[in-house]
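J.: sequence-free structure coming up:
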């Protein structure tokens with residue numbers, strides 16, 4: 001029976017709309033349970049090994065934003081992205097808390113200035129048809145002759161990460177986790193190169209607006225490939241009064257970015273000495289790849305005081321040792337990942353072999 005009064009009809013329509021939205025949020029949350037997070041990484045400010053980055057952070061008061069992140073609540077992040085498409089970003093409901101995820105709130109959280117878009121260099125250069133991307137690429141690459149990878153129509157796609165200088169590679173890893181998240185780290189898109197250029201030139205940038213664009217992009221995907229800005233969102237929920245429960249899923253603190261974790265060009269392989277081993281000692285397999293031999297080689301401890309700036313050979317030695325340490329760590333992590341995959345395949349194969357065809361029906365006489 002339809003309501004008789006106008007107020008009753010309005011109340012019924014409002015109740016129906018709330019119920020429909022609640023069902024949509026619940027359905028989206030279930031779909032997001034299997035979506036992975038892209039962790040946000042930053043720098044251990046005060047423990048950096050690259051003076052260029054320290055000089056870049058201080059003048060613009062970007063220290064808090066570039067600082068490394070911590071652990072957080074995965075459940076908060078999924079609840080946020082389940083609710084965000086159905087309400088303004090100024091008041092996204094996560095359980096009973098209203099979270100302000102607007103650009104102004106994000107800038108305030110990081111202690112960043114709220115730059116108007118009219119003077120935001122990244123925003124204006126991205127929209128301008130006159131932006132000289134070739135000159136921008138030359139400014140960030142080791143070799144100024146480096147060119148873009150383009151599609152068949154000549155449109156710019158990306159540039160290999162290895163073409164950038166070591167410091168710029170490190171900054172791109174920061175951009176790919178904190179501003180324009182991506183799991184494809186071997187190529188750097190045109191947009192990320194432009195943002196890198198603006199950061200290096202210390203231009204006016206509205207970082208909060210860039211993050212909000214990313215949140216809206218996730219809101220428009222069903223389902224998204226990954227969830228971005230987990231530590232920021234988890235922190236905004238806590239700032240709004242949120243408290244996690246024992247049953248909530250959490251994520252741990254990721255590894256910080258630093259120069260020692262960034263690859264440097266591989267040094268030339270020295271001449272191998274003649275094998276004078278008598279046979280009593282273990283001899284490495286000569287068929288192994290040089291990279292594996294470098295991994296297994298002991299890495300000497302370096303002096304804590306660091307090389308003198310007037311000794312380029314000592315500085316180069318430190319870079320090589322840091323590279324070998326990083327290579328060894330990545331090799332060990334790769335081994336562990338491969339072992340896990342083999343175990344999963346073995347378990348899957350064993351489960352498959354345990355499946356038996358149903359017995360044939362009994363013969364009838």
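T.: Looks like it arrived, so ask away. These figures come from a predicted structure and were not determined experimentally. Numbering: from 1, shown residues only.

J.: so what's residue 136 up against?
T.: Residues counted as contacts of residue 136 (Cβ atoms under 8 Å, 6 or more residues apart in numbering) are 193, 194, 197. For glycine as for every other residue, the C-beta is placed from the backbone atoms N, C-alpha and C.

J.: quick one, strands of the stretch 201-350 of the chain?
T.: Defined through DSSP state E, counting those that start in this stretch, the strands belonging to the stretch 201-350 of the chain, from first to last, are 250-251.

J.: What residues of stretch 96-104 count as buried?
T.: Under the neighbour-count criterion of 16 or more other Cβ atoms under 10 Å, stretch 96-104 has 97, 99, 100, 101, 102, 103 buried.

J.: Show me how this protein divides into domains.
T.: Taking automatic domain parsing as the domain assignment, the record places the domains of the chain at 20-258, 290-350.

J.: Who are the packing partners of the longest strand along the chain?
T.: The strand spanning the most residues in the chain, taking DSSP state E as the definition, is strand 156-160. For strand 156-160, the packing partners by 3 or more Cβ pairs under 8 Å, 6 or more residues apart in numbering; DSSP states H and E come out as strand 149-150, strand 187-189, helix 190-200.

J.: mind checking which of these is nearest residue 85?
T.: Of all these, it is helix 190-200 that lies closest to residue 85, at 23.2 Å by Cβ to Cβ.

J.: Other residues contacting the closest one?
T.: So helix 190-200 is contacted by 56, 121-122, 125-126, 131, 133, 136-137, 139-140, 148, 156-159, 164, 168, 171-172, 175-176, 179-180, 182, 188, 205, 210 (Cβ under 8 Å, 6+ apart).

J.: cool, stretch 149-166 as well?
T.: In contact with stretch 149-166 (Cβ under 8 Å, 6+ apart) are residues 133, 137, 140-143, 146, 148, 169, 172, 185-190, 193, 196, 259, 262-264.

J.: how long is it from one end to the other?
T.: The stretch stretch 149-166 measures 20 Å between its terminal residues, going by Cα to Cα, to the nearest Å.

J.: Which residues belonging to that stretch are considered buried?
T.: 156, 158, 159, 161, 163, 164, 166.

J.: now, which of the residues you listed sits nearest residue 91?
T.: Scanning the buried residues of stretch 149-166 for proximity to residue 91, where the rule is Cβ to Cβ, the winner is residue 158, at 37.1 Å.

J.: where in the stretch 51-200 of the chain is pLDDT low?
T.: For the stretch 51-200 of the chain, the stretches flagged by pLDDT under 70 are 51.

J.: now with 80?
T.: For the stretch 51-200 of the chain, the stretches with pLDDT under 80 are 51-52, 54-55, 58.

J.: mind listing the helices for it?
T.: 51-57, 63-66, 74-83, 103-110, 121-127, 133-140, 166-178, 190-200 (DSSP state H, counting those that start in this stretch).

J.: If I take the longest one and helix 103-110, what angle do their directions form?
T.: Regarding helix 166-178 and helix 103-110, their directions subtend 120 degrees when assessed with axes from the mean of the first three to the mean of the last three Cα atoms, to 10 degrees.

J.: How about residue 65, nearest residue that isn't a chain neighbour?
T.: residue 110 (4.2 Å; Cβ to Cβ, 6 or more residues apart in numbering).

J.: count of neighbours near that neighbour?
T.: Around residue 110 sit 20 other residues, with neighbours defined as other Cβ atoms under 10 Å.

J.: Surely it touches residue 63?
T.: No. With contact defined as Cβ atoms under 8 Å, residue 110 and residue 63 do not form a contacting pair (9.6 Å).

J.: All set now, cheers.
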